[in-house]
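Trainee: build the 3D model from these lines:
(one chain, ligands or ions: 1)
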Amino acid sequence: MKVKQSDIKILFSEDQLTTRIKEIAAEMNSFYKGEEICVICVLKGAVMFTTELVKHLDMPLTMEFIRLSSYGHSTSTSGKVNAVEIKLPDLNGKNVLIVEDIVDTGLTAKFLLDFIKCNFHTKSTKFAALLDKKIFRRTDIEPDYYGFEIDDKFVVGYGLDYDGFYRNLKFIGYADKSLLEN
Ligand code: IMP
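Mentor: Numbers count the residues shown, from 1 in each chain. Next comes the predicted model:
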């Protein structure tokens, strides 16, 4: 591993993240107004965002966890989304909220939104991402809720990984591109 923890610079601190997540939760509380929702956490990256977010949601909710992959060991997407594990209950007539760590190309989000649309007639389907990296977008996907917009950086921490590592960082950070292997 070329990147050491000391090479990682803070982009968003723990405080910034929790403050922003509470703001997003407040928007959701006012949108759903106590209606029941099903929160779908996209593993593994969205795990910290999802767990922090649901702590601040007021409505009755259920949680589902699904796993997709498009990155493998690289810092850029393979362009192909693999459904590693998608087992969902009947979502017909439900309010569905998909929660991702970051929207980059938008291929993962598009795959999931299409999957939900093809398989269920939901009452509503919304999509939230902690980070929005628009620069490499290959789809017309825009998150309904997002935490922060970022530029051309490969970020780690708060659930996001580099080759499986650094998901446990309390903050979101980045390393210089020259240190990242492709
Ligand atoms: P997309 O399908 O290109 O939008 O990418 C979605 C997935 O790629 C995210 O859910 C992340 O797991 C991963 N990803 C994209 N950008 C980054 C990054 O900067 N750091 C870590 N993972 C990323």
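Trainee: and this structure, which residues reach the ligand?
Mentor: 45, 70-71, 77, 100-109, 133, 154-155, 160 (Cβ under 6 Å from any ligand atom). C-betas here are computed from N, CA, C, even on glycine.
Trainee: in strands only, show me these.
Mentor: Among those, the ones falling in strands (DSSP state E) are 100, 101, 102, 103, 133, 155.
Trainee: please report the distance of the first one from residue 179.
Mentor: I take that to be residue 100. Distance, residue 100 to residue 179, using Cβ to Cβ, to the nearest Å: 25 Å.
Trainee: the two - which one has more neighbours?
Mentor: residue 100 (25 against 15; other Cβ atoms under 10 Å).
Trainee: any idea what the more buried one is bridged to?
Mentor: residue 129 (DSSP bridges).
Trainee: gap between the longest helix seen in the chain and the chain center?
Mentor: The residue-count maximum for a helix in the chain (DSSP state H) belongs to helix 14-32. Relative to its chain's centre, helix 14-32 lies at 14 Å (Cα atoms, centre = their mean, to the nearest Å).
Trainee: let me know the secondary structure of residue 38.
Mentor: strand (DSSP: H, G, I helix; E, B strand; the rest coil).
Trainee: I'd say it and residue 59 touch.
Mentor: No. Using Cβ atoms under 8 Å, residue 38 is not in contact with residue 59, being 10.8 Å away.
Trainee: more neighbours: which of those two?
Mentor: residue 38 (18 against 15).
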